[in-house]
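>>> model the structure of this input:
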Amino acid sequence: MLSAVRKNAWLGAAATLLAIGLAPSLQAQTIVPNPYLHTQLVPWAPFVSVAPDPLGSGIAPAWAASPDVDNSPTSGSALVHLNASGSTANAASGIAQCVDFASATSVTFFNYAMAFRVPPATAADGSMSANVEVRLFSGIGCNGFISGGAQGQVLTAAAVTGGSWYTLKDSGFVPMDNPVMAASAQVRGYLRQTGTAPTQSDYPINFDHFVLVLNSTTPVELIHFDVN
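From the prediction side, this is the model:
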């Protein structure tokens, strides 16, 4: 649930929103299936917020042949929509998938990231944020929630430029009570309403290059959340 997210008191100085040309490449190490959305959306599935958060809605996510974060003519991205519902905070719409590990794994920290692009037609009015989220589970099939982290960027004219790609990343998230034994993880990419009044009814965004690497690098910025 989105309302359960809370920031840890320790925040590193490094920025987590990067222009894509400056972001380090981690694609060779990611354990996320279909992370670069080369030719299809599967196994990504629609994700919307549910109670106790406001119900999210939007045009069903779809694979788009263009744009691609690397401008590859043979690869694409996910196109996600969120239908704005007044100034409601935390309504969300996006994509998600469950990643089963090869075996139960002791996780001390993990590295995760996602690229996003705001289409020029999407108003950067501060009413939406782009978000990537990873949740660890003790069982396969994403059963038995343990801990998780999220990174987000409010879409304002000062923060993003329409038509450009950006990366949200945390290069060393530390789960609570680490190390933890995890058998699976859920990876989400979504748009979320911030509570600022929207200026249009439909907000599209593109997602690409999802990264999840277990037990890699050192902490940069932490966001922890627990089940209420």
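
>>> so what are the sheet partners of the host helix or strand of residue 133 and their directions?
Taking DSSP states H and E as the criterion, residue 133 maps to strand 125-139. When pairing is defined by DSSP bridges, strand 125-139 lines up against strand 143-156 (antiparallel), strand 180-194 (antiparallel).

>>> out of the ones you listed, nearest to residue 97?
Residue 97 sits nearest to strand 180-194 of all the strands paired with strand 125-139, at 5.9 Å, using C-beta to C-beta. In this view, the C-beta of every residue, glycine as well, is placed from N, C-alpha and C.

>>> after that closest one, next one along is what?
strand 202-214.

>>> tell me which strands that next one pairs with, and in which orientation.
In the sheet, strand 202-214 lines up with strand 77-83 (antiparallel), strand 110-117 (antiparallel) (DSSP bridges).

>>> dump the strands paired with strand 125-139 into JSON lines; add distance to residue 89 and mean neighbour count as well.
Listed next are the strands paired with strand 125-139 as JSON lines, based on distance: least, C-beta to C-beta, whole Å; neighbours: other C-beta atoms under 10 Å:
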{"stretch": "strand 143-156", "distance to residue 89": "12", "mean neighbour count": "20"}
{"stretch": "strand 180-194", "distance to residue 89": "6", "mean neighbour count": "23"}
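
>>> and those as a markdown table, adding mean pLDDT?
Below are the strands paired with strand 125-139 laid out as a markdown table (pLDDT from 0 to 100):
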| stretch | mean pLDDT |
| --- | --- |
| strand 143-156 | 97 |
| strand 180-194 | 98 |
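
>>> now this protein, which segments are flagged as low pLDDT?
By pLDDT under 70, the weakly predicted segments of the chain are 1-28, 217-228.

>>> what's the longest strand in it?
strand 89-107 (DSSP state E).

>>> so for residue 85, which of the strands paired with strand 125-139 sits nearest?
Nearest of the strands paired with strand 125-139 (C-beta to C-beta): strand 180-194, 7.4 Å.

>>> could I have the CA atoms of stretch 43-57 written out in PDB?
What follows is stretch 43-57 as a C-alpha-only set of coordinates in PDB (Å, rounded to 0.1, in the frame of the first residue of the first chain):
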ATOM      1  CA  PRO A  43       5.500 -10.700 -18.000                       C
ATOM      2  CA  TRP A  44       4.700  -7.200 -16.800                       C
ATOM      3  CA  ALA A  45       1.000  -6.800 -15.700                       C
ATOM      4  CA  PRO A  46      -1.200  -3.800 -14.800                       C
ATOM      5  CA  PHE A  47      -0.800  -2.400 -11.300                       C
ATOM      6  CA  VAL A  48      -3.300   0.000  -9.700                       C
ATOM      7  CA  SER A  49      -3.500   1.300  -6.100                       C
ATOM      8  CA  VAL A  50      -6.300  -0.200  -3.900                       C
ATOM      9  CA  ALA A  51      -7.700   0.500  -0.500                       C
ATOM     10  CA  PRO A  52      -6.700   1.900   1.900                       C
ATOM     11  CA  ASP A  53      -5.200   4.200  -0.900                       C
ATOM     12  CA  PRO A  54      -7.600   5.600  -3.500                       C
ATOM     13  CA  LEU A  55      -8.400   3.300  -6.300                       C
ATOM     14  CA  GLY A  56      -6.100   4.000  -9.300                       C
ATOM     15  CA  SER A  57      -7.300   3.800 -12.900                       C
END
